[in-house]
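Trainee: after the sequence you'll find the predicted model.
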Amino acid sequence: MSRRILLIGCGNMGFAMLKGWLSSDAGFDIHVVEPAEPLRIRAREAGASISRDRDGIPADFVPDAIVIAVKPQVIHAVLPDYKVFATGGHPALFLSVAAGISTQAIETSVDKDAAVIRCMPNTPAAIGEGMMVCYANRATTAGQRELAGELLRRSGKVAFIDDEGMMDAVTAVSGSGPAYLFHFIEALSQAGAKAGLPEDFASELALQTVYGAARLAFSSADTPSTLRQQVTSPNGTTAAALDVFMGKSELADLVAKAVAAATARSIALGKA
Ligand SMILES: NC(=O)C1=CN([C@@H]2O[C@H](COP(=O)(O)OP(=O)(O)OC[C@H]3O[C@@H](n4cnc5c(N)ncnc54)[C@H](OP(=O)(O)O)[C@@H]3O)[C@@H](O)[C@H]2O)C=CC1
Ligand SMILES: O=C(O)[C@@H]1CCC=N1
């Protein structure tokens, strides 16, 4: 029997996951609630049934899981609409991807005995290459954990953690991480253009280089550190560039500061 998934919020992250789910042959039956019409239509075209709000969910649609993909700032206004699905004969799993919002805060808005999984995904989920890190509360059954795994595997690699306290740092590394890499691609493209290359060609070089390097790092038995050394000829061009990146640990320091700032913001979102 196909599993029924209710997706609340189909913006950047909700749609990235939806694409991963619908492109698989898992046969999920997915209903999307999304107030913004263009995003709703986009979800329907991808293969989901849709409604503008909770009242538009078909009466016979009893969800196995409710995936909450609204902004952290509105989640506590949205959750009470779905309380009804937390209890009764077929209690649904609540799977939230909201940054900073704890399982306890979700229980408070839904039901103290609700099954809740807090997940930190990332947008490469859209092509099945996401990193999906999950923490399950005590009320989550083995079957619900399995369902979450089955669903999220369609979006990428799944990891369960036992310490929810790690979630803020997870958010700062893999949740926000794609943006850091996209920014690096932008920076390398711009630097190539500054060095005299036509802009389009510089962008092509930057993109293929990041893609190729990521695939090599992923598939190689060597560590990233060894792979870096293999590119770096003594007194060559790479060494000249790495003197800038590593001379005073500049890039590593900057990345550490950025990750600390994102971690602090995740903690603050949970307190707001
Ligand atoms: N973007 C990312 O890379 C990641 C995001 N996340 C988390 O995912 C969540 C969503 O982020 P993101 O997709 O970027 O945000 P978006 O703003 O793109 O998407 C959220 C969507 O939810 C809609 N929405 C608002 N209220 C309701 C409601 N009552 N019912 C249903 N839908 C509603 C919004 O509509 P409207 O705009 O009209 O209000 C919007 O379209 C956040 O909690 C974020 O922390 C986690 C990991 C990565
Ligand atoms: O920027 C944000 O708050 C969300 C969470 C992780 C990625 N995007």
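Mentor: All right, it came through fine. Numbering: from 1, shown residues only. Ligands and ions are numbered 1, 2, ... in the order given.
Trainee: what about the worst-scoring helix or strand of the chain on mean pLDDT and ligand 2, any contact?
Mentor: Lowest on mean pLDDT, DSSP states H and E among the helices and strands of the chain sits helix 12-22, with a mean of 91. No - using CB under 6 Å from any ligand atom, helix 12-22 never reaches ligand 2; the gap is at least 7.1 Å. (Each C-beta comes from the backbone N, C-alpha and C, glycine too.)
Trainee: next structured bit after that helix?
Mentor: Next helix or strand after helix 12-22 toward the C-terminus (DSSP states H and E): strand 29-33.
Trainee: put the alpha carbons of that following strand into CSV.
Mentor: Extracted C-alpha coordinates of strand 29-33, given in CSV (Å, rounded to 0.1, in the frame of the first residue of the first chain):
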residue,chain,number,x,y,z
ASP,A,29,0.9,9.5,-2.3
ILE,A,30,1.7,13.1,-1.6
HIS,A,31,-0.5,16.0,-0.8
VAL,A,32,1.0,19.5,-0.6
VAL,A,33,-0.4,22.4,1.4
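Trainee: show residues contacting it.
Mentor: Contact with strand 29-33 is made by 2-10, 14, 18, 21-22, 40, 43-44, 47-54, 56-58, 61, 63, as judged by CB atoms under 8 Å, 6 or more residues apart in numbering.
Trainee: and stretch 229-245, by the same measure?
Mentor: The contact list for stretch 229-245 (CB under 8 Å, 6+ apart) reads 222, 228, 250-251.
Trainee: in the residues you listed, find the pair that's most separated.
Mentor: Across the contacts of stretch 229-245, the longest distance by CB to CB is 24.5 Å; it joins D222 and E250.
Trainee: and stretch 33-53, what's buried?
Mentor: 33-34, 39-40, 42-43, 46, 48, 50-51 (16 or more other CB atoms under 10 Å).
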